[in-house]
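Asks: My questions are about this predicted structure, shown below with the sequence.
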Amino acid sequence: MQDYQNIYQSAREGANLTQEAAAERLGWSVRCLQDIEQEIREPSPEKVAAMATLYRAPWLRGFYCNRCPLGHCMRRPESNVELQQLALEVELEAADYEQERRDAHDLARIALDRKIDDAEYPRYQAIEQRMLRRAYLSEMALIAGETQVER
């Protein structure tokens, strides 16, 4: 048996829900939820999505996806982010507007012949990495919005 609190249990407790209340709202048995929290059972993507919604913890999706054989190649946020931290990271990332224009222009030139040849590949990879970073920041913004909006 584990001697630490797993991420699903932490998220549930962060939402101030007992196992019984969470299981009832999710439409699951308490035993099912206990098995997930004790790491006896691996939750399905649908179960993770339901917990993320109920617990107002959208970062649970990133935690799950980063361990999936199909989704692990695109890192997703695994924790909540404060708006101030996000604003700082976006400002640092967006400091060079001309880089974005160059990337768009270069990507269009690379795509003209519908192939990425050996000479174009390093430039394409650099553009791809910057785009993935912007996508990561966008998802962080979604998470911050979902978890910090007053209801």
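Replies: Okay, I see it. Predicted, not measured: the structure shown is a model, and the values here were computed from it.
Asks: what's the helix or strand for residue 102?
Replies: For residue 102, the host element (DSSP states H and E) is helix 97-111.
Asks: before we move on, what about residue 43?
Replies: Using DSSP H and E, no helix or strand contains residue 43.
Asks: any idea how far it lies from residue 97?
Replies: Using CB to CB, to the nearest Å, residue 43 is found at 42 Å from residue 97. Any C-beta I mention is one placed from the backbone N, CA and C, and that applies to glycine too.
Asks: Lowest-scoring secondary structure element of this structure by mean pLDDT?
Replies: The helix or strand of the chain with the poorest confidence is helix 83-93; it has a mean of 73 (mean pLDDT, DSSP states H and E).
Asks: in that helix, what's buried?
Replies: With burial defined by 16 or more other CB atoms under 10 Å, the residues of helix 83-93 counted as buried are 86, 89.
Asks: Run the chain-centre distance for stretch 85-104.
Replies: 20 Å (CA atoms, centre = their mean, to the nearest Å).
Asks: Ramachandran angles for the residue of the chain most remote from its centre?
Replies: Distance from the C-alpha centroid of the chain, by CA atoms, centre = their mean, peaks at residue 113 (33.4 Å). Dihedral angles of residue 113 (phi, psi; degrees, to the nearest 10) stand at phi -90, psi 10.
Asks: thought residue 48 was touching residue 67?
Replies: No - counting by CB atoms under 8 Å, residue 48 sits too far from residue 67 to count as a contact (10.4 Å).
Asks: the more surrounded of these two?
Replies: A direct count of neighbours by other CB atoms under 10 Å for residue 48 and residue 67 places residue 48 higher, at 20 against 11.
Asks: so where's the chain uncertain?
Replies: 1-4, 69-81, 94-95, 147-151 (pLDDT under 70).
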